[in-house]
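Novice: A structural model of the following input is requested.
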Amino acid sequence: MSVGVIREAYSATEEEFLCLVQKEWLIKPQMPTVGSCCLVGITCAGTLYIANVGKSRVVLGRSEKASMDVTAIQLSAEHDAKSLCTRSFNCVNEKPMLSSEPSVLVQKLHPRDEFLIFASDGLWEHLSNEQAVEIVHRHPRKGIARRLIQAASQEMAKKREMRYSHLKNIERGVRRHFHDDITVIVLFLDSIPSSTSSSYQCSKILIRGGGKWSELGFSNA
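Specialist: A predicted model of the protein is given here:
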């Protein structure tokens, strides 16, 4: 695994979509206006690779040595100029103003690294890094992605002075007017084999667009 391989993968994905747009343009005229952020996390041989295009974010929860607390550490760079996304896949109509070149971070995993929260900007509009990490730290693992989505949605409902139960009953097509899509993956790092394991294999998680109430799970089988 290397930074070069990741950049090549992003470039190949962009090129394939542009070819698809050219083929489908006449029958699907909306395709040149379609775009997507892309956040990728890869663990390999005890090293963590984070690549990001757009406004999604990954936050690391690291336990404190002298206490039971967990510190929130943001790992991804966001491409957001005055609330406008400056990097994205596709969006042919916006080329060359939008770039699909990812920001890539590489760092060794630390023994006190507990978990990673990968989420689209719909979550981070309503929860801080610290709030999200605290929720994951204080609650059972099962259903934790859904719990984060619910917490963000409840905060949004408060801001709009409406009940959370009313928000849940709004139809999907209409709900987009109230909040952005929210996609969340939580990866617990104790499920990652150590770099010294003879059977070690690289593992990967990829966040793509999801429904407004999507919950994605990750199993490092």
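Novice: what sits up against the biggest helix by length in the chain?
Specialist: Ranked by number of residues, the top helix in the chain under DSSP state H is helix 3-24. Contacts to helix 3-24, defined as Cβ atoms under 8 Å, 6 or more residues apart in numbering, come from residues 31-32, 38, 40, 42, 49, 51, 53, 89-90, 92, 100-102, 104, 106. Glycine gets a C-beta too; all of them are placed from N, C-alpha and C.
Novice: buried set for that helix?
Specialist: Buried residues in helix 3-24, counting neighbours by 16 or more other Cβ atoms under 10 Å, are found at 6, 10, 13-14, 17-18, 21.
Novice: over to stretch 118-132?
Specialist: Buried-residue list, stretch 118-132, by 16+ other Cβ under 10 Å: 118-124, 126-127, 129, 132.
Novice: give me the pLDDT for residue 98.
Specialist: pLDDT recorded at residue 98 is 66.
Novice: repeat for residue 14
Specialist: Reading off the model, residue 14 has pLDDT 84.
Novice: now it: how far from residue 99?
Specialist: Note on residue 14: its distance to residue 99, by Cβ to Cβ, to the nearest Å, is 10 Å.
Novice: now do residue 144
Specialist: Residue 144 sits 33 Å away from residue 99, going by Cβ to Cβ.
Novice: with residue 8 instead?
Specialist: 16 Å.
Novice: low-scoring stretches of the protein, by residue?
Specialist: 78-98, 160-161, 163-180, 191-221 (pLDDT under 70).
Novice: beta partners for residue 48?
Specialist: Per DSSP bridges, the residues bridged to residue 48 are residue 43, residue 107.
Novice: what about it, how many residues nearby?
Specialist: Taking other Cβ atoms under 10 Å as the neighbour definition, residue 48 ends up with a count of 21.
Novice: was I right about it contacting residue 58?
Specialist: No. The criterion here is Cβ atoms under 8 Å, and residue 48 misses it with residue 58 at 9.4 Å.
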